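Asker: Provide a 3D model corresponding to the input given below.
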Amino acid sequence: MPCCSMLAANGALWADGLFWLGLSILLAHELDAVRAREWRLLFVLRRMPEELARDAFVLVHVPLVAVLFWLFALAPPAVRLTSQAALDIFLIAHAGIHYRLAGHVLYDFESRASRSLIFGGAAVGMVHLLLLAALRLQG
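Answerer: The predicted model follows:
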């Protein structure tokens, strides 16, 4: 089957590209989340004064992104693959959360760009997760 031989030859390369695309989409969404003041929707932060909540939202991303970069780029291969699959699942679940929040009065992710980042990230995560599974089945 040409499809299977192509997957075997190029699958890992495609998987890597899709993974980094999904992560890039998530990071762009986080930039958009600052514009949309997403902290107003988060349980702990929404109880804080606006400026403090914004600063906390931004600053918590520094160690979070550092840990994610380590997991995705520097961790042992088995940890990297597990972390990539976890990010895929997060992207899918994250889109579900945004879908449920869409009617909330403080929800401000209604633009095409916002929705493209949220649901595009989920689509990329889903395809990447399926590709990882197919590569694993191939051995």
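
Asker: and stretch 121-139, average pLDDT?
Answerer: Average pLDDT, stretch 121-139: 93.

Asker: Could you pull out the buried residues of that stretch?
Answerer: Using 16 or more other Cβ atoms under 10 Å as the burial criterion, the residues of stretch 121-139 that qualify are 121-122, 124-129, 131-132, 135. In short, each C-beta sits where N, CA and C put it, glycine included.

Asker: any idea which helix is longest in this protein?
Answerer: Ranked by number of residues, the top helix in the chain under DSSP state H is helix 2-35.

Asker: following that helix, which helix or strand shows up next?
Answerer: Using DSSP states H and E, the helix or strand that follows helix 2-35 towards the C-terminus is helix 50-69.

Asker: for that following helix, the distance to its chain's centre please.
Answerer: Mean C-alpha position of helix 50-69 versus that of the full chain (Cα atoms, centre = their mean, to the nearest Å) differs by 15 Å.

Asker: count of neighbours near Arg115?
Answerer: 15 (other Cβ atoms under 10 Å).

Asker: Distance check, it against Met48.
Answerer: Separation of Arg115 from Met48 (Cβ to Cβ, to the nearest Å) stands at 27 Å.

Asker: quick one: the longest helix of the chain to helix 50-69, angle?
Answerer: Interaxial angle of helix 2-35 relative to helix 50-69 (axes from the mean of the first three to the mean of the last three Cα atoms, to 10 degrees): 160 degrees.

Asker: in helix 2-35, what's buried?
Answerer: By 16+ other Cβ under 10 Å, the buried positions in helix 2-35 come out as 7, 11, 15, 18-19, 21-23, 25-26, 29-30, 32-33.

Asker: tell me what it is packed against?
Answerer: Under the contact definition 3 or more Cβ pairs under 8 Å, 6 or more residues apart in numbering; DSSP states H and E, helix 2-35 sits against helix 50-69, helix 77-101, helix 112-138.
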